[in-house]
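> next come a sequence and a model predicted from it.
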Amino acid sequence: MSGVYQAEIVSNNSIDNEAYLLTLKAPEIARASMPGNFVQLKIEMADGGFWRRPFSVLDTDGGNIKILYKPLGKGTLALTKFPPGKIVSVIGALGNSFSFPSRDSMIILTGGGIGVPPLYNLAKHLIKSDYNPRNIHFFNGAAGHDSIVYLEESAELGINVYAVTEDGSMGIKGYVTDGVKQFLNGMSKTSLSNEPVMYACGPMPMLRAVGLMVSEYDVYCEMALEALMPCGFGICMGCVVMARDDKSVEGFSYKRVCREGPVFRADDIIWETDGKKWLNY
Amino acid sequence: MSGVYQAEIVSNNSIDNEAYLLTLKAPEIARASMPGNFVQLKIEMADGGFWRRPFSVLDTDGGNIKILYKPLGKGTLALTKFPPGKIVSVIGALGNSFSFPSRDSMIILTGGGIGVPPLYNLAKHLIKSDYNPRNIHFFNGAAGHDSIVYLEESAELGINVYAVTEDGSMGIKGYVTDGVKQFLNGMSKTSLSNEPVMYACGPMPMLRAVGLMVSEYDVYCEMALEALMPCGFGICMGCVVMARDDKSVEGFSYKRVCREGPVFRADDIIWETDGKKWLNY
Amino acid sequence: MAELLTEIAGIEFKNPVWLASGTCGYGEELTDFYGLDELGAIVTKTISLEPRAGHPPPRVFETSSGMLNAIGLQNVGVDKFISEKVPFLRKHRAKLVVNVAGRSVDEYCRVSETLNSVSDDVVMIELNMSCPNVASGMEFSKKPSLASELVKSVKKITPIPVIAKLSPNVSDITEIAVAVEEGGADALSMINTLVGMAVDVNTFKPRLSNITGGLSGPAIKPVALAMVYRASQAVKLPIIGIGGIRNVEDVIEFMLCGASAVQVGTANFIDPMTPMNISHDLDIWLERKGFTSPSELIGKIEVE
Amino acid sequence: MAELLTEIAGIEFKNPVWLASGTCGYGEELTDFYGLDELGAIVTKTISLEPRAGHPPPRVFETSSGMLNAIGLQNVGVDKFISEKVPFLRKHRAKLVVNVAGRSVDEYCRVSETLNSVSDDVVMIELNMSCPNVASGMEFSKKPSLASELVKSVKKITPIPVIAKLSPNVSDITEIAVAVEEGGADALSMINTLVGMAVDVNTFKPRLSNITGGLSGPAIKPVALAMVYRASQAVKLPIIGIGGIRNVEDVIEFMLCGASAVQVGTANFIDPMTPMNISHDLDIWLERKGFTSPSELIGKIEVE
Ligand SMILES: Cc1cc2nc3c(=O)[nH]c(=O)nc-3n(C[C@H](O)[C@H](O)[C@H](O)COP(=O)(O)OP(=O)(O)OC[C@H]3O[C@@H](n4cnc5c(N)ncnc54)[C@H](O)[C@@H]3O)c2cc1C
Ligand SMILES: Cc1cc2nc3c(=O)[nH]c(=O)nc-3n(C[C@H](O)[C@H](O)[C@H](O)COP(=O)(O)OP(=O)(O)OC[C@H]3O[C@@H](n4cnc5c(N)ncnc54)[C@H](O)[C@@H]3O)c2cc1C
Ligand SMILES: Cc1cc2nc3c(=O)[nH]c(=O)nc-3n(C[C@H](O)[C@H](O)[C@H](O)COP(=O)(O)O)c2cc1C
Ligand SMILES: Cc1cc2nc3c(=O)[nH]c(=O)nc-3n(C[C@H](O)[C@H](O)[C@H](O)COP(=O)(O)O)c2cc1C
Ligand code: FES
Ligand code: FES
């Protein structure tokens, strides 16, 4: 159950690669939050911006929640100026969360850009639940070396971390899905007893590519989607995606990313109908 | 001639009594500005506020201009958070300015609330032009002791300074016009060679009272008016006051506070017509 | 303490602060934040005869102090609403107003008639008149004769009092207000959203899959106030003011312009506690100003 | 460098960025900031037959991302405009569009006719159709037949090309657009302000002496875009887009929706350099995207 809380900013610092780490004192949310959950932050901003802004929970630490964000537009830019001690209104924990895989799975985390936080959170939770870090493979994709986030911190969890950059300035060159495909191809050659399970988060065009990939490779996959979110807790019907729905006459229904999601099974998402993409991608 | 300038904030500090002193590096404006002039500051603010906010020039200091302001609403409150080094867009110098009185006048400055800055500026200019500080009488009115601004700084100019507070917590008790009336009454009793000349600035209800007073006492008076100012440089026709105008058929015309003003002769302002006040006072 | 009890068309509401249609679902999600019985009333998302999937995404876009939406009346349909949603709302003692739409007068009537089976639960029906009429192409709330006919027909078929919810996209709001009054409406609510659009300058595509959508939020408050004011001069019906309401001052403005109650819409998205905060602040505001009931403010704007 | 030259109704403008009526006076004050010949065009404050004092203050109020104004068409009257303002504008080589209003068709015609004496200076006349018609009470831009008649009459009396400036406060903008096209207008401009109001909750008085006023600024941009888009589907006339424009992206949005040029209004108040910045940025934007002229964007929104 989520609520509206007044949270004090504990710290708000620029870390590597243009990303900021925000720590908020929000014990109720910290207690309730699971990997995949997000919060809605109220940010006073200029230019008539007034919606809250959604951010995944990166981590919890006692009564604090941590958020990793990139300043992109008016809200996130204004947020970078918020000093410690300031009180912000935050709604959370929101949305559903990733399901945990069976113990012996080969766990593949596929994150693009600012989609890394919920996957980091998942990895940390899995390890806390005694999953073997060596079975966790985190593909962290970005445009280039300078825009990759939280790579070292992920490596510190003892998991396998792979950088994938579009310009090849770090790690594997290509889209993050290229990196994962190489890995999956390698896997199928060696006979591994571990069944691969994938978790993905990132911009929608990337998730779409992941969706095509997992159906090709027949890999179980859950993905945390992005959407514009006027509310974040299910009352506006604005953030929907087209999802398979056997119970509906049409065979699909529009599901709320904020409520039925943000985590969906990849094979539940319908990316196009009649050859037309239903999103601006 | 005014222009749009990018000015660096030199300092922005809370001084006495909830007022802030803002110093901006704006050499062109500093050079051009005369007492009564004002500037239009661009302040990024929440809640869809987007007009610039007008502030009188309090003082100039080399290439800097100083502004004394009270945080009242969304713009001025946001301004208090602006750190030194920040660049703000400022338009100025705007408006007309006070005319200088004849050398031997008894100069009465009547300021209410945040109407003090242009009068301080005038006093300073007069002294610089070798007017006798002893002939300058500055009545500084406010609700109470805690809301009076720039009293000591004014006294440091060597002029006569009188605090007038509505609650009597400092100086004369009453409205600022009560203080001035006492003074004028005293003057008429002693036979002074000096002709009184008045300059006033403050909220419109106070200026209206000043207007009635000077017509009663037959004292020449110039006043710097307030108005909501969408532009500040004469293109919107939004900031007008009703002013006597012999050239117009109706005997009046609407004059722009930002352009024909902010300084008007008190006897040019029409405060009511057909018994109806033309403003919400 | 001031008394917030508000009467509209003979029905008593705990306070004059309601939730606007389409901005509170069927109330379920909001029970995370407060008890539905604390509201003046909750107006459901528009209910149609058949379930509707709604428009494909993107459905929403943020604009300067406003937002565009083209949800496309996604809803469960009146039957499922009655079987699945009403019991929940009943259990939570929500004061229930059902917003209804149809593609024809007949469809509006059939939805309203179906609601008769739960007339103990439904205190009022609100007709969403911004739906395009299949036959004429025009919205029901754009042509006075259509508007009047619609209200008349629904009034004939149901004993539940009827609110006509007007669209602001008209040349003369008073004409429509008078028409629905003549049609027998028990109250007016206004305004629905203004037609608007936005374009992505990178992709050249509209920001909404439906191309145009409805503009709501603080941006439209001045328009809503003017329409409430004008309508209140033209009709005797109680008016429920809607548009950009975020705080108690906004509510006072609407009441001074002639509204008897208000609905909070887009503001719920930013802070679901808005209606609770407003009722609380309204109490304090009235008390401080020496009023004993919000009804003392209705239409009390001083013009001269 | 892209070529910003823009043609409307056979007339060439240096660029598609104009100043909107009532937001630039008669150009005098703006010469503090830039040369008037750098603009696409300047549209004067509305000129009437006789001088008008305008409404008493308060005339303006800031709203969420918008503002209300009720200036009341304060202007010097057409004779004084010609004798006192035109020489200045001529000297500064301003591309001059004169916005005209009257209380009757006859008054509009008489102002327009008077302007014939300076037809070398006036490249276009813009009819402010939001003025209430004395006889019918309704605005000229609310009733198609009135709108059409007005344009027809003015066209008969003057060789200067005519722009019809439409009001957004109508049920169907396409109806009016078609009517003025049939009336012989050379171009459309839209939108004028939306009717709005605000109330001071402390004094209970309206924020404007005129009670209601016109809403402008970023708040109304979505409404303006939708109207331009719809009108552009209905008529062949070039459209000049107006409403909340602040930057080059806003201009691109209007052009994609069908505008051939734009007018900057309220944004001039916040930053008088806005039109200069926009022309500069437009050049860069077009260049970067591989366009050679803004005309390549007109109506190029991708809707499927
Ligand atoms: C469930 C969820 C979790 C998220 N978690 C994180 C996170 O952990 N860290 C992080 O940095 N960001 C995260 N985001 C994205 C973040 O919400 C946006 O970056 C933010 O809202 C942009 O606001 P703005 O005012 O800075 O940008 P705006 O000025 O509003 O827009 C700038 C750009 O950002 C894009 N954008 C705006 N809103 C969103 C959105 N909701 N989703 C995606 N793109 C958007 C716009 O299309 C535009 O191109 C998450 C989004 C969702 C839906
Ligand atoms: C020529 C001129 C010179 C000024 N000089 C100074 C100065 O030196 N120092 C100073 O502190 N203030 C000065 N003001 C007043 C200052 O402009 C306002 O206090 C400021 O605009 C308020 O903005 P806000 O966003 O904080 O308030 P808002 O949130 O916009 O409104 C808060 C309150 O302030 C009042 N207010 C808003 N704008 C004005 C205005 N333009 N004039 C008067 N009251 C207003 C409103 O009625 C409201 O009650 C001057 C005003 C003018 C016109
Ligand atoms: C996302 C969204 C969905 C809406 N859905 C409906 C609806 O189904 N039926 C209806 O009558 N009004 C609907 N509205 C309009 C609102 O009820 C309200 O009239 C309008 O938003 C103006 O109020 P606001 O500015 O407070 O949001 C919707 C508004 C929004 C923002
Ligand atoms: C203060 C003010 C005065 C205006 N005066 C006129 C006018 O005299 N004639 C006219 O046709 N439009 C007038 N307008 C409307 C503008 O020309 C423009 O159509 C409208 O403001 C929308 O554009 P914007 O949002 O860019 O301001 C005025 C607008 C404002 C804000
Ligand atoms: S963001 Fe409102 S329903 Fe999901
Ligand atoms: S503020 Fe615009 S004319 Fe004075």
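Done, it's in. Ligands and ions are numbered 1, 2, ... in the order given.
> okay, now the nearest residue to C:Thr274 once chain neighbours are set aside: neighbour count?
For C:Thr274, ignoring the flanking residues on the chain, the nearest one in space by C-beta to C-beta, 6 or more residues apart in numbering or on different chains is C:Ala267 at 4.5 Å. Backbone N, C-alpha and C define where each C-beta goes, glycine included. Neighbour count of C:Ala267, defined by other C-beta atoms under 10 Å in any protein chain shown: 24.
> how much space between C:Ala267 and C:Glu28?
19 Å (C-beta to C-beta, to the nearest Å).
> if we can go back for a sec, so the residue nearest to C:Thr274 sits against C:Ile242, correct?
No. Between C:Ala267 and C:Ile242 no contact is recorded; they are 10.9 Å apart, counting by C-beta atoms under 8 Å.
> show me where pLDDT drops low in the stretch 1-150 of chain A?
Scanning the stretch 1-150 of chain A for pLDDT under 70 picks out A:1, A:17.
> near chain D, which residues of it?
Residues of the stretch 1-150 of chain A lying close to chain D by C-beta under 8 Å from any C-beta of the partner chain are A:Asp47, A:Gly48.
> residue in the stretch 1-150 of chain A nearest to chain C?
Nearest residue of the stretch 1-150 of chain A to chain C, counting by C-beta to the nearest C-beta: A:Gly48, 3.3 Å away.
> checking that residue next. Helix, strand or coil?
coil (DSSP: H, G, I helix; E, B strand; the rest coil).
> check contacts around it.
When contacts are counted by C-beta atoms under 8 Å, 6 or more residues apart in numbering or on different chains, A:Gly48 touches B:Gly48, B:Phe50, C:Thr63, C:Ser64, C:Ser65, C:Gly66, C:Ala219, D:Ser64, D:Ser65, D:Pro218, D:Ala219.
> again, only using 7 Å
Contact partners of A:Gly48, counting by C-beta atoms under 7 Å, 6 or more residues apart in numbering or on different chains, are B:Gly48, C:Ser64, C:Ser65, D:Ser64, D:Ser65, D:Pro218.
> biggest separation within these, which pair?
Across the contacts of A:Gly48, the longest distance by C-beta to C-beta is 9.4 Å; it joins D:Ser64 and D:Pro218.
> now do the strands in the stretch 51-200 of chain A.
A:53-56, A:59-61, A:64-69, A:87-94, A:106-112, A:136-142, A:160-165, A:172-173, A:196-201 (DSSP state E, counting those that start in this stretch).
> neighbours of the closest residue to A:Ile107 other than its chain neighbours, just the number please.
Excluding its sequence neighbours, the residue lying closest to A:Ile107 (C-beta to C-beta, 6+ apart) is A:Ile136, at 4.6 Å. A:Ile136 sits with 25 neighbouring residues when counted by other C-beta under 10 Å.
> quick check, A:Ile136 in contact with A:Ile159.
Yes. Judged on C-beta atoms under 7 Å, A:Ile136 makes contact with A:Ile159 at a distance of 4.0 Å.
> got any residues that touch both of these two?
Common contacts of A:Ile136 and A:Ile159 (C-beta under 7 Å, 6+ apart): A:Ala123.
> let me know the pLDDT of C:Asn247.
At C:Asn247, the model reports a pLDDT of 98.
> phi first, then psi, for it.
Main-chain dihedrals, C:Asn247, degrees, to the nearest 10: phi -150, psi 180.
> what comes up buried for stretch C:263-282?
For stretch C:263-282, a neighbour-count test (16 or more other C-beta atoms under 10 Å in any protein chain shown) marks C:263-280, C:282 as buried.
> could you do stretch A:133-152 as well?
A:135-142, A:147-151.
> is that stretch in proximity to ligand 1?
No. Applying C-beta under 6 Å from any ligand atom, one finds stretch A:133-152 separated from ligand 1 by no less than 8.7 Å.
> need the three-state assignment for the residue of chain C positioned farthest from its centre.
Relative to the C-alpha centroid of chain C, counting by C-alpha atoms, centre = their mean, C:Asn202 is the outermost residue, at 35.1 Å. Per three-state DSSP, the secondary structure class of C:Asn202 is coil.
> look up how far C:Ser209 lies from it.
C:Asn202 is 17 Å from C:Ser209, by C-beta to C-beta.
> for A:Val210, phi and psi?
Taking degrees, to the nearest 10 as the convention, A:Val210 sits at phi -60, psi -40.
> tell me where the model's unsure across the stretch 151-281 of chain A.
For the stretch 151-281 of chain A (pLDDT under 70), the answer is A:188-193, A:274-281.
> what residues are bridge-paired with A:Val241?
Beta-bridge partners recorded for A:Val241 (DSSP bridges): A:Lys255.
> returning to that earlier point: among the contacts of A:Gly48, which one lies nearest to ligand 5?
Relative to ligand 5, the closest of these is C:Ser65; by C-beta to the nearest ligand atom it sits at 18.5 Å.
> just the helices in chain C please.
C:78-80, C:86-91, C:105-115, C:144-157, C:173-182, C:221-234, C:248-256, C:267-270, C:274-289 (DSSP state H).
> could you dump those helices into JSON lines with distance to C:Ile191 added?
Listed next are the helices of chain C as JSON lines, based on distance: least, C-beta to C-beta, whole Å:
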{"stretch": "helix C:78-80", "distance to C:Ile191": "25"}
{"stretch": "helix C:86-91", "distance to C:Ile191": "25"}
{"stretch": "helix C:105-115", "distance to C:Ile191": "20"}
{"stretch": "helix C:144-157", "distance to C:Ile191": "14"}
{"stretch": "helix C:173-182", "distance to C:Ile191": "8"}
{"stretch": "helix C:221-234", "distance to C:Ile191": "5"}
{"stretch": "helix C:248-256", "distance to C:Ile191": "11"}
{"stretch": "helix C:267-270", "distance to C:Ile191": "15"}
{"stretch": "helix C:274-289", "distance to C:Ile191": "18"}
